[in-house]
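Asks: No sequence on hand, only this structure:
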Ligand SMILES: O=C(CCCCNC(=O)Nc1ccc(S(=O)(=O)N2CCN(c3cc(Cl)cc(C(F)(F)F)c3)CC2)cc1)NO
């Protein structure tokens, strides 16, 4: 009885070491599990399901093999891969979930989300997010040729990297009040999210009751997996293959 959670892998063709670690994880660590949840930023960028490179094919095949083996796999969009759509879901068998989803995790109602919606102090980002989550804007974007979308993606990737360096630490982390507010709103005492790249298990209080917020780690220099079973949860790491160590 095991359920796994991962997020913030930021998979891209120019990081084969992360891709290799992910493919090993999908082959070795998912045997006999109950389910795999991917809580966003699986990809470093995603400009449409029609971006069909060999790199994307490799990742999609790994998910297809898992779901074909009868293990359910769920995906919540991150700020990088919020355009992952129905074609990806059909091709991989991965089920897309709403940005805020409550699951029954071995009897414990748990709110799962990417985590960028909790960073309410980052007003510039929240304004950007609102725009690119607009259905009409997305419809316009998808009408652009793939090459144009790739260009826009590369530009935004470099901009957001620079912009984030300028942001204060507290702005880039979740807003504590927002965490309590959304847990009370959904009536849960447990939350699992990614996005901040600050893996930890935090105890907090929601409406005078003990609660727990688990943050998943990114896969920048090693893998990070939350292993959940009926007795409890554990944040584990997965080292990259030696062959890639430079
Ligand atoms: O943590 C924080 C801050 C978090 C850091 C936020 N940075 C961040 O997410 N960067 C980023 C994310 C995705 C990509 S992308 O390449 O995948 N791609 C870019 C173009 N996208 C687009 C879509 C639409 Cl509908 C419309 C347009 C439009 F209108 F602009 F053309 C563009 C689709 C997605 C590139 C960079 N705060 O607390």
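Replies: Structure's in. What do you need? These figures come from a predicted structure and were not determined experimentally.
Asks: State the distance from residue 89 to residue 224.
Replies: Separation of residue 89 from residue 224 (C-beta to C-beta, to the nearest Å) stands at 24 Å. Using the backbone N, CA and C atoms, a C-beta is placed for each residue, glycine as well.
Asks: Look at these two and report which has more neighbours.
Replies: More crowded of residue 89 and residue 224, by other C-beta atoms under 10 Å: residue 224, with 22 against 17.
Asks: three-state assignment of that one?
Replies: Under DSSP: H, G, I helix; E, B strand; the rest coil, residue 224 falls in the strand class.
Asks: which residue packs closest to it, ignoring adjacent ones?
Replies: residue 217 (3.0 Å; C-beta to C-beta, 6 or more residues apart in numbering).
Asks: quick one: the host helix or strand of residue 37 to chain centroid distance?
Replies: Here residue 37 sits within strand 35-38, counting by DSSP states H and E. On the basis of C-alpha atoms, centre = their mean, to the nearest Å, strand 35-38 sits 10 Å off its chain's mean C-alpha point.
Asks: Can you tell me what sits against stretch 212-220?
Replies: With contact meaning C-beta atoms under 8 Å, 6 or more residues apart in numbering, stretch 212-220 is reached by 5-10, 18, 21-22, 39, 41, 115, 179, 183, 189-194, 196-204, 224, 226, 233, 235, 237.
Asks: what's around the one residue in the chain that gets nearest to the ligand, how many residues?
Replies: With C-beta to the nearest ligand atom, the shortest gap between the chain and the ligand falls at residue 153, namely 2.7 Å. By the criterion of other C-beta under 10 Å, residue 153 has 18 neighbours.
Asks: Same check on residue 240?
Replies: A count of nearby residues for residue 240, using other C-beta under 10 Å, gives 17.
Asks: if I read this right, residue 35 contacts residue 67, doesn't it?
Replies: No - when contacts are counted by C-beta atoms under 8 Å, residue 35 is not listed as touching residue 67 (10.4 Å).
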